[in-house]
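sharing a model prediction with you, sequence too.
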Amino acid sequence: MTDSLSERRRLHPATLIVRWLRIVPQLLAGGIAIAVSGRGGDGLAGFLWIAGAALAIGAGFVLLAWWRFSYRIGANEIIIEQGIVQRQRRIIPFDRIQDIAIEQPLLARLFGTARVKIETGAAARDEGRLDMIALSDAHALRDHVRRGPSGAAATASAGEPLLFAMGVPRLLLSGLFGFSLIFLAAIAGAAQQLDQFGLIEWDVWFTEERAEAAAGLATAQAALAAAALVVLLGLVAGVARTVARDFGFRLTRAEGGLRRKRGLFTLSEVVIPLRRTQVAVIDSGPLARLFGWCRLSFQTLGADQKEGGVQVAAPFARIDEILPILAEAGFPPPPPRAAFRGIPRRALLRQAAPFLLLAALATIAALLVDGRAGLGAAVMLAGALYAALRWRKHGHALDGRALFVSGGLLKRRLWILPFEKAQTIIVSRSPLQRRLRLASLLVDTAGAPALRAPEMADLDGGEAEAMAARLLALFYAARARVRLVPKPS
Amino acid sequence: MQPDDLEDETSASPGGMTPLHPDQLQVMRIRAAIATLVLAAAAAVAGWTLLGDGLAAAAPVAVLLLGAFAAIVLAPRRYRAWGYAEGEDELAISRGLWVRRRTVVPFGRVQHIDVAQGPIERRFGLATLILHTAGTRGAAVPLPGLKQDRAEKMRDRIRAKIRQDLV
């Protein structure tokens, strides 16, 4: 296996067909545009001529790109050479590779091939991309990189202990909670596109007489029915999206990480490397929480940038199912609710004050200028109420190994941040916070999303300073502990 | 408002921290002056074309006044908001006039270090030390206003403490 990997190779020949199929519609569209403009001859003959040319050019281009792309697995690195005219030779050392993801889009599955994405944690996405190679080669490559050339055995994930899986009933249920209106918007957008191309003629469907007739029917009942239809479509869209993404979800304990397999059309397989896992996040939406469901994800270094460095480990689970996964990943379980410390009462002022100020201004405007500004005042008062309710949900706790931060009113989040994963500690004070003797404390971690970082907002100023000093001491202690344990190499 | 309108003492000035080199204040003033002149020129052009002859001078004059305020009043306050404390294993940096921020960077977390020097800083023999970490919001922590040899000495000391382990 190792020998066959170490020679210079091209991508799987099926790549030719898949890429050709992908490129031809674009070429055809361009060709038709030329035909319409009347340069490619008349009628059917001209169209066939252009279609033939598009197919041939596409085939030639794809073949050339395939011919000029090769990869080689060295003793310690992957070497990728590509480029038709301008050649590029990229060397990725194994010890810089953070993650190798294997994806199987629908077409790739027909040919038994897979797309391999190699991520190194550098700024660019997909630093190495082999699209596509045989599935067995993909597995061999990943095992080779993970374990070195010696242990190329035991690639099967079948024997790995199962940590979490979702059956079809659970999957459908989670889809119901994934209610989504985004797809509806997309469908409406697509319909408008079709209209523009003249494929659907709204004008014929919606004539004036019909509109008047419709107006006569537009009773409260009809409106209710329409609303119910929107909700139903949203549910269907949510279920469809969830099923496509999470079908056959399995999380198993692999060597050095957690192996996640999922997907209906595009099968994806990722190993979440435990050494590079920084923070665990448990979150849940308002409805799902009501029924006791939540989601577990891990923030990792150099994970797929598309997902903001956050990998879902259990999309829809009971807390009892999440705790064993946390333990397996080396994270402590969250302490009971009572162990969390809230933030001082005067922080209410800082969270709600901006809304109250705007509400006051809008009220004045409503009285003096225009009564419609009263609506703005009402919205701002609602905002103040939201901020005040959210204030109650801020909290943090410490145990021997990690910092726990909770926050969010509708979507509630809990971050578990082991002390040794801290990068920098930042205490910040805005002018209003200084007035109220408050400060925000942020423990920065590698791969943290810019938004939704576990910031402890509006602590008492003195407490924030003491906490920062304490976290620093805990960080050093935890680092010393980590260093004593020999690194798995 | 609150019964005691006292500002939080710990944030009023970076107490116990080393201030930047006094020349840094001059650097900040010169930078403010240059920015003001550029903006004033732009305002003059805009005033000339958009406003009438009578008002044409108003825009650049307003910019110059604001610039003078920034250079004379704000610059010293911003300078005083900066400060640093070099610990055994970490560097703490305070900054910011509006939002005051104190960042603690453990040396073990530093990925690489830059010593940067702009043209104005070079005139005064000053440099900016930049600590890069793997974090997101604290990814690049700058410390300006160090004498160049001091910056290089700090860099060498920190480099000796950097450990290669990333995670």
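Received, thanks.

domain assignment for the chain?
Looking at chain A here, since you left the chain open. Using automatic domain parsing, the domains assigned to chain A come out as A:2-147, A:162-166+A:248-331, A:170-246.

hmm, I had chain B in mind actually
Per the record, chain B has its domains at B:20-80, B:83-161, by automatic domain parsing.

low-scoring stretches of the chain, by residue?
Let's take chain A. In the predicted model of chain A, residues A:1-5, A:34-43, A:121-126, A:147-158, A:180-185, A:187-219, A:302-308, A:484-489 satisfy pLDDT under 70.

could you do chain B instead?
In the predicted model, chain B carries pLDDT under 70 at residues B:1-15, B:53, B:163-167.

nearest the middle, which residue of it would you pick?
Central residue of chain B (C-alpha atoms, centre = their mean): B:Pro144, 6.2 Å from the mean position.

spell out the secondary structure type for that residue.
strand (DSSP: H, G, I helix; E, B strand; the rest coil).

my guess is A:Val62 meets A:Ile23, correct?
Yes - A:Val62 is within contact range of A:Ile23, at 6.3 Å (criterion: C-beta atoms under 8 Å). All C-beta spots, glycine's among them, are computed from the backbone N, C-alpha and C.

A:Ala244: which of the domains of chain B is closest?
Among the domains of chain B, domain B:83-161 comes nearest to A:Ala244, with 30.3 Å by C-beta to C-beta.

relative to the whole chain's centre, how far out is that closest one?
11 Å (C-alpha atoms, centre = their mean, to the nearest Å).

span of it from start to end?
Length of domain B:83-161, first residue to last, C-alpha to C-alpha, to the nearest Å: 22 Å.

looking at chain A, which helix is longest?
helix A:220-246 (DSSP state H).

show me what B:Glu90 is bridged to.
Here B:Glu90 sits in beta bridges with B:Pro106, going by DSSP bridges.

OK, contacts around it?
Taking C-beta atoms under 8 Å, 6 or more residues apart in numbering or on different chains, we find B:Glu90 in contact with A:Leu472, B:Val104, B:Val105, B:Pro106, B:Phe107.

which non-adjacent residue is nearest A:Ala450?
B:Thr136 (5.9 Å; C-beta to C-beta, 6 or more residues apart in numbering or on different chains).

where along the stretch 51-200 of chain A do the strands fall?
A:70-73, A:77-82, A:88-93, A:99-104, A:113-119, A:128-134, A:162-165 (DSSP state E, counting those that start in this stretch).

what lies in contact with the first one?
Translated: strand A:70-73. So strand A:70-73 is contacted by A:5-11, A:78-82, A:130, A:141, A:144 (C-beta under 8 Å, 6+ apart).

please apply the same query to the fifth one.
Applying C-beta under 8 Å, 6+ apart, the set of residues contacting strand A:113-119 from outside is A:12, A:14-15, A:78, A:92, A:97-105, A:108, A:125-135, A:138, A:141-142, A:302-304.

with distance to A:Asp370 and mean neighbour count added, can I get the strands of the stretch 51-200 of chain A in JSON lines?
Putting those into JSON lines (distance: least, C-beta to C-beta, whole Å; neighbours: other C-beta atoms under 10 Å in any protein chain shown) gives the following:
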{"stretch": "strand A:70-73", "distance to A:Asp370": "67", "mean neighbour count": "18"}
{"stretch": "strand A:77-82", "distance to A:Asp370": "63", "mean neighbour count": "17"}
{"stretch": "strand A:88-93", "distance to A:Asp370": "62", "mean neighbour count": "13"}
{"stretch": "strand A:99-104", "distance to A:Asp370": "56", "mean neighbour count": "21"}
{"stretch": "strand A:113-119", "distance to A:Asp370": "55", "mean neighbour count": "23"}
{"stretch": "strand A:128-134", "distance to A:Asp370": "57", "mean neighbour count": "20"}
{"stretch": "strand A:162-165", "distance to A:Asp370": "56", "mean neighbour count": "16"}
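
for A:Ile416, what are its contacts?
A:Val279, A:Ala280, A:Val281, A:Ile282, A:Leu326, A:Phe331, A:Pro332, A:Pro334, A:Ala402, A:Leu403, A:Phe404.

name the nearest of those residues relative to B:Phe69.
A:Leu403 (42.3 Å).

just give me the neighbour total for the closest one.
25 (other C-beta atoms under 10 Å in any protein chain shown).

ok, the nearest residue to A:Gln423 once chain neighbours are set aside - contacts?
Nearest residue to A:Gln423 in three dimensions, chain neighbours excluded: B:Gly135, at 3.5 Å (C-beta to C-beta, 6+ apart). Contact analysis of B:Gly135 by C-beta under 8 Å, 6+ apart lists A:Gln423, A:Thr424, A:Asp444, A:Thr445, A:Ala446, A:Ala448, B:Arg109.

now do B:Lys147
B:Lys147 makes contacts with B:His21, B:Gly125, B:Leu126, B:Ala127, as judged by C-beta under 8 Å, 6+ apart.

B:Gln24 is in contact with the third one, correct?
This points to B:Leu126. Yes - using C-beta under 8 Å, B:Leu126 is in contact with B:Gln24, at 6.1 Å.

give me the common contacts of those two.
Contact criterion C-beta under 8 Å, 6+ apart; residues shared by B:Leu126 and B:Gln24: B:Pro144, B:Gly145.

what residues does the stretch 151-300 of chain A put near chain B?
Proximity of the stretch 151-300 of chain A to chain B (C-beta under 8 Å from any C-beta of the partner chain) is limited to residues A:Arg275, A:Arg276.

follow-up on the earlier one: most surrounded residue in the contacts of B:Lys147?
Using other C-beta under 10 Å as the neighbour criterion, B:Ala127 leads the contacts of B:Lys147 with 26 neighbours.

is it within a helix or a strand, and which one?
In this assignment (DSSP states H and E), B:Ala127 forms part of strand B:126-133.

re earlier: out of the domains of chain A, deepest packed?
The highest mean neighbour count among the domains of chain A, using mean count of other C-beta atoms under 10 Å in any protein chain shown, belongs to domain A:162-166+A:248-331: a mean of 19.

quote the end-to-end distance of that one.
End-to-end span of domain A:162-166+A:248-331 (C-alpha to C-alpha): 18 Å.

how distant is that domain from the center of its chain?
For domain A:162-166+A:248-331, the distance to the chain centre is 12 Å (C-alpha atoms, centre = their mean).

check stretch B:44-61 too.
Chain-centre distance of stretch B:44-61: 32 Å, with C-alpha atoms, centre = their mean.

again, but for stretch A:46-61
Per C-alpha atoms, centre = their mean, the centroid offset for stretch A:46-61 relative to its chain is 38 Å.

restricting to C-alpha, output it in CSV.
The C-alpha trace of stretch A:46-61 is given here as CSV (Å, rounded to 0.1, in the frame of the first residue of the first chain):
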residue,chain,number,x,y,z
GLY,A,46,-25.5,26.3,-36.0
PHE,A,47,-26.7,25.2,-32.6
LEU,A,48,-25.3,21.7,-33.1
TRP,A,49,-22.0,23.1,-34.3
ILE,A,50,-21.7,25.3,-31.2
ALA,A,51,-22.7,22.4,-28.9
GLY,A,52,-20.2,20.1,-30.5
ALA,A,53,-17.5,22.8,-30.2
ALA,A,54,-18.4,23.3,-26.5
LEU,A,55,-18.2,19.6,-25.7
ALA,A,56,-14.9,19.3,-27.5
ILE,A,57,-13.3,22.3,-25.9
GLY,A,58,-14.5,21.2,-22.5
ALA,A,59,-13.1,17.8,-23.0
GLY,A,60,-9.7,19.1,-24.2
PHE,A,61,-9.5,21.6,-21.3
